[in-house]
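A.B. asks: build me a model from this:
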Amino acid sequence: MKNIAIIGCSGSIGRQAADVCRRYPDRFRVVALAANTDAVRLAEQAALLRPSLAVLRQEGASADLPQGIRFACGESAFEEACAYPEADVVLVAVSGFAGLKATLFAIAAGKTVALANKESLVVGGSLVMPLAAANGVEILPVDSEHSALWQCLHFDRRAPYKKLLLTASGGALRDVPLSELSSVTPERALAHPNWRMGPKITVDCATMLNKGFEVIEAMHLYSAAAEQIEVLVHRESIVHSMVEFADGAVLAQMGMPSMELPIQLALTYPQRLDCALPSVDFVRLGALHFEGVDEGRYPCFALALAAAQAGGTAPCALNAAGEIAVQAFLRGQIKYPQIADIIEGTLAARRWGQAGDYAALEEADAAARALARARL
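C.D. replies: Here you go, the predicted model:
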């Protein structure tokens, strides 16, 4: 029996994690739930999972919970849930920069971290990885691509390899003529052909900013140099990523496009259990296709690679500007191509310093958000 804390329980990953825990009640007990502001979803999950603690991060919030479940709200309550003493595994499914604090608190408390918040490593990988090593904490990747690499490396992130090959679907707009991108609506950008995810990450898939984030994640998770990582557009989303080894052998992890498998595997590791997913019908599929990334179509991807090379707080600024720009696009304030314009302008607006501690990252995050908002 593993005790699980789900941080970010109201989002897509958090809800699927709750489904996994309900599928195997003899193996998992959810002891803490944390959401940002969604009191209704928190109450629904609390009624189903019966945790000891249920938290809303919003100060002064309230929730109608079943009797016997302790409710708390505010930042200190959120921090308590992230480091909850009863938890063995903390699933960090909070989106954006806000997830970094959750990851750091869980690691500091010595908890195994199932990491679904990519920004923790994009923004603060230089803090997260050394702290995890110092505390003897395992970080289990939940991202489908990084779970695939982890599986190909036989669940050993320190195993030797020659190259990491990350796959990308190309997003909802991969076939839209470049001349039409200025007229793309949020609804069109959110119509992903293969995956069902939250709105922010779906737009990031369309721009491939998300794939740039995954390159930075791979650099931290697998101690990879940028030149050891290759990104391939793979429309079918059957190959979730691949690893090439010194002898030229390439191992791929394949499966139907679903986040439930990597979520469940992070919780059941090292065991594999039925995930209720259909098998890949290779005969019906017929072929798998791969192509390089067209940086003219995906300028956000190129900006992410440049921020990765710059290092320091540049990836933090990249993420902050991306959050502001995507929110503005979803609200109809800017056109789709202006997402890249705002990120590029923010990164160029000042010299980004060293990521020495959490305070430096907070300062860079706030500065980048202000610069991005000014560009709106």
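A.B. asks: how about stretch 158-173: buried residues?
C.D. replies: 161, 164-173 (16 or more other CB atoms under 10 Å). In this view, the C-beta of every residue, glycine as well, is placed from N, C-alpha and C.
A.B. asks: ditto for stretch 44-55
C.D. replies: If you call a residue buried by 16+ other CB under 10 Å, then stretch 44-55 has these buried ones: 45-46, 49, 51-55.
A.B. asks: which of the residues you listed fall in helices?
C.D. replies: 45-46, 49 (DSSP state H).
A.B. asks: show me where the stretch 201-350 of the chain has its strands.
C.D. replies: Secondary structure of the stretch 201-350 of the chain (DSSP state E, counting those that start in this stretch): strands at 229-233, 239-244, 250-254.
A.B. asks: what packs against the top strand by length along the chain?
C.D. replies: Counting by DSSP state E, the longest strand found in the chain is strand 28-35. When contacts are defined as 3 or more CB pairs under 8 Å, 6 or more residues apart in numbering; DSSP states H and E, strand 28-35 packs onto strand 2-7, helix 12-23, helix 39-49, strand 53-56, helix 75-82.
A.B. asks: extract the C-alpha trace of it and format it as PDB.
C.D. replies: Provided in PDB are the C-alpha atoms of strand 28-35 (Å, rounded to 0.1, in the frame of the first residue of the first chain):
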ATOM      1  CA  PHE A  28      -3.100   3.200  -3.100                       C
ATOM      2  CA  ARG A  29      -4.500   5.300  -0.400                       C
ATOM      3  CA  VAL A  30      -4.900   9.000  -1.200                       C
ATOM      4  CA  VAL A  31      -4.000  10.900   2.000                       C
ATOM      5  CA  ALA A  32      -3.900  14.500   0.800                       C
ATOM      6  CA  LEU A  33      -5.500  16.500  -2.000                       C
ATOM      7  CA  ALA A  34      -4.600  20.000  -3.000                       C
ATOM      8  CA  ALA A  35      -6.200  22.300  -5.600                       C
END
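A.B. asks: what mean pLDDT does it have?
C.D. replies: Averaged across strand 28-35, the pLDDT comes to 98.
A.B. asks: so the residue sitting furthest away from the middle of the chain, which state does it fall into?
C.D. replies: For the chain, the largest distance from the centre (CA atoms, centre = their mean) belongs to residue 67, which lies 33.3 Å off. Secondary structure state of residue 67, per DSSP: H, G, I helix; E, B strand; the rest coil, is coil.
A.B. asks: show me what contacts it?
C.D. replies: Contacts for residue 67 were tallied using CB atoms under 8 Å, 6 or more residues apart in numbering; there are none.
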